[in-house]
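Enquirer: would you be able to build a 3D model of this:
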Amino acid sequence: MQRSMGWSALQSPARWFAVGAVACACACALAGAPASAGAQRVDLRSKPAPGFAAIVGVVDDSLRGGPLVGATVAVIGTSVRTTTDQDGLFRIDSLPPGEVQLAVLHPLLDTLYIVVTTQKFTLVDGRLEEMGIATPPLERIRLRSCPRAGVVLGDGILIGRVDDPDTDRPVPGALVSLVYSDPRSGTPIQRVRSARSRDDGLYAICGLPETLTGTVQAAVGAAASSEIPVTMKAQFLATASFLLSTAPKDSAARGTAALTGRVTDVTGAPIASAQIAVEGGNAIAVTGPDGTFALTGLPSGTTSAVIRKIGYAPALRTVHLRKAAPQRVAVTLSEGVRTLAAVVVTGGMEPALKKVGFTERRNMGMRSQFLLPADIEKRNPSAFTDLFRQMSGFRVTSAGMGQSIEGTRSSGGAMSGCVNVYVDRVAFEQMSPGDLDSAFPIGMIGAVETYASASETPAEFQMPGRSCATIVAWTKMKLAKP
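Expert: Next up, the predicted model:
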């Protein structure tokens, strides 16, 4: 049996794609379809109960190749739906006879404003209807998104969209920049490619090598997202979408988004006292005995959450925060310290220091101290805390086998001597002596800026309720990016 499948824009016809059609032979797709190891096999053969019909089928991912895993297959006009397994297979039971139409939804298709729909067909009492469904082919996407001219280093495409986190409206004109290296080139030199989001929020960066590693970031005006990791391994399509708020920001106002979740080890046991912070946020959450946490007062948008626990390799998660509902993440930490590859900085760090605001803050003449790589080298530190042994406004204290940094300008009360620490714009709490040195080996650090009192600290690095001195450190890995 063979059925023709239609695919169309889920929004208005102006949303990029017109109606088209692809075909998938059900007999080929279902015959001998394997079940993934450890997964429950979809029943492809048993007949439906008397008085009812059933549908079995497979959904193919023609965009990336292979089955479309985790797709929702819904009967249009009803609440009946199911999910494809790891082989792209699905079954819908207990359907009354009559005319029906199926729709397939998936995050990949949502990114492209596409919904795949079948033609209407008739279910017969007692019959098992077999379906083969496929997404649009990649070449059709390429024709509608990629210019014929320009830099072409391969057939790879990075595609996605930029939306406002609070209105869900598209953000046109956002600059999406990809910084990447090709492991096959044998050189650490990074390339930069960029594109602007269109009126419907969609963007496409075409002509990429099929194998690359890098990060992508969206920005419009003064607003910018965090960087999202991107990896392509011999593939032609990767996606990365962003939530980017264009509303004016009040640096003194707390955000209204929240991040919740649970942190466990590789055995599934909860990890207590792990720290969770997000880039651009001024708060830290600590997991409880059951490994759960809640981080509130966050700005909306796409950002990076960093999860740390001394003795474990830190974890990085991209999170898309909205005020409408908290995002939840499940994080597994592996024991051991992450081994960092050598970072090669080409062209100097000055462009990156300017990008993160270091240069501007230094040139404002604030009563603060700024350490460049040469300044750090002159101090010949063996640990991160050694940088502050002779620095005005700070002192290093020892307890047991570890060292902590304290402020010397008293603010009075229980917070006297406290220090707020940010590394690559992510907050970090000194919970025990030695935490800073364990979490951030001195070889990681590329630049440091310090503010000896809360009154001298820029608003972006102030924590509500914590009138403290502030240390802002930038890693070589962060500063290695153009």
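Enquirer: so where do the helices sit in the stretch 51-200 of the chain?
Expert: 107-111, 138-145 (DSSP state H, counting those that start in this stretch).
Enquirer: which of these has the lowest mean pLDDT?
Expert: Sorting the helices of the stretch 51-200 of the chain by mean pLDDT places helix 138-145 lowest, at a mean of 87.
Enquirer: elements contacting that helix?
Expert: When contacts are defined as 3 or more CB pairs under 8 Å, 6 or more residues apart in numbering; DSSP states H and E, helix 138-145 packs onto strand 156-163, strand 202-208. Every residue, glycine included, has its C-beta placed from N, CA and C.
Enquirer: could you rerun that using 10 Å?
Expert: Contacting helix 138-145 under the criterion 3 or more CB pairs under 10 Å, 6 or more residues apart in numbering; DSSP states H and E are the following elements: strand 156-163, strand 202-208, strand 237-239.
Enquirer: so which residues make contact with the last one?
Expert: When contacts are defined by CB atoms under 10 Å, 6 or more residues apart in numbering, strand 237-239 is touched by residues 61, 63-65, 107-108, 110-112, 138, 141-142, 155-161, 178, 205, 208, 210, 212, 216, 230-232.
Enquirer: what about Ile471, which SS state?
Expert: strand (DSSP: H, G, I helix; E, B strand; the rest coil).
Enquirer: residue ranges with poor pLDDT in the stretch 301-450 of the chain?
Expert: 337-348, 366, 410-415 (pLDDT under 70).
Enquirer: just the strands in it please.
Expert: For the stretch 301-450 of the chain, the strands defined by DSSP state E, counting those that start in this stretch cover 301-308, 315-321, 327-333, 369-371, 394-399, 402-407, 419-423, 426-428, 445-451.
Enquirer: circling back to that earlier point, got the helices of the stretch 51-200 of the chain as TSV, with mean neighbour count columns?
Expert: Below are the helices of the stretch 51-200 of the chain laid out as TSV (neighbours: other CB atoms under 10 Å):
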stretch	mean neighbour count
helix 107-111	16
helix 138-145	16
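Enquirer: so which of these gets nearest Phe384?
Expert: Proximity to Phe384 (CB to CB) singles out helix 107-111 among the helices of the stretch 51-200 of the chain, at 39.4 Å.
Enquirer: now do that closest one: distance to the chain's middle.
Expert: In terms of CA atoms, centre = their mean, to the nearest Å, the centre of helix 107-111 is found 15 Å from the chain centre.
Enquirer: what's it packed up against?
Expert: strand 114-118, strand 156-163, strand 237-239.
Enquirer: residue contacts, Pro248?
Expert: Applying CB under 10 Å, 6+ apart, we find Pro248 in contact with 221-223.
Enquirer: quick check: of these, which lies closest to Gln369?
Expert: Of the contacts of Pro248, the one sitting nearest to Gln369 (CB to CB) turns out to be Ala222, at 26.3 Å.
Enquirer: show me the contacts for the residue nearest in space to the middle of the chain.
Expert: Closest residue to the average C-alpha location of the chain: Thr318 at 2.6 Å, with CA atoms, centre = their mean. The contact partners of Thr318, taken as CB under 10 Å, 6+ apart, are 225-229, 240, 242, 302-305, 329.
Enquirer: could you do Met431 as well?
Expert: 273, 275, 284, 286, 309-310, 404.
Enquirer: show me which of the contacts of strand 237-239 are buried.
Expert: Buried subset of the contacts of strand 237-239 (neighbour count, 16 or more other CB atoms under 10 Å): 61, 63, 108, 112, 138, 141-142, 155-161, 178, 205, 208, 210, 212, 216, 230, 232.
Enquirer: I'd say Arg395 and Arg389 touch.
Expert: Yes. Using CB atoms under 10 Å as the test, Arg395 is close enough to Arg389 to be in contact (8.0 Å).
Enquirer: need the residues touching each of the two.
Expert: By CB under 10 Å, 6+ apart, Arg395 and Arg389 have these common neighbours: Ile405.
Enquirer: so which of the helices and strands packed on helix 107-111 gets nearest Ala247?
Expert: Judging those by CB to CB, what sits closest to Ala247 is strand 156-163, at 13.3 Å.
Enquirer: got the CA positions of the closest one in CSV?
Expert: Provided in CSV are the C-alpha atoms of strand 156-163 (Å, rounded to 0.1, in the frame of the first residue of the first chain):
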residue,chain,number,x,y,z
GLY,A,156,25.7,21.6,5.5
ILE,A,157,22.9,24.0,6.8
LEU,A,158,22.3,25.5,10.2
ILE,A,159,18.7,26.6,10.4
GLY,A,160,16.4,27.8,13.2
ARG,A,161,14.3,30.7,14.3
VAL,A,162,14.3,33.6,16.8
ASP,A,163,11.2,34.3,18.9
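Enquirer: does the residue nearest to Ala54 when sequence neighbours are not counted count as helix, strand or coil?
Expert: Once flanking residues are discounted, Ala54 sits nearest to Pro48: 3.8 Å by CB to CB, 6 or more residues apart in numbering. For Pro48, the secondary structure call by three-state DSSP comes out as coil.
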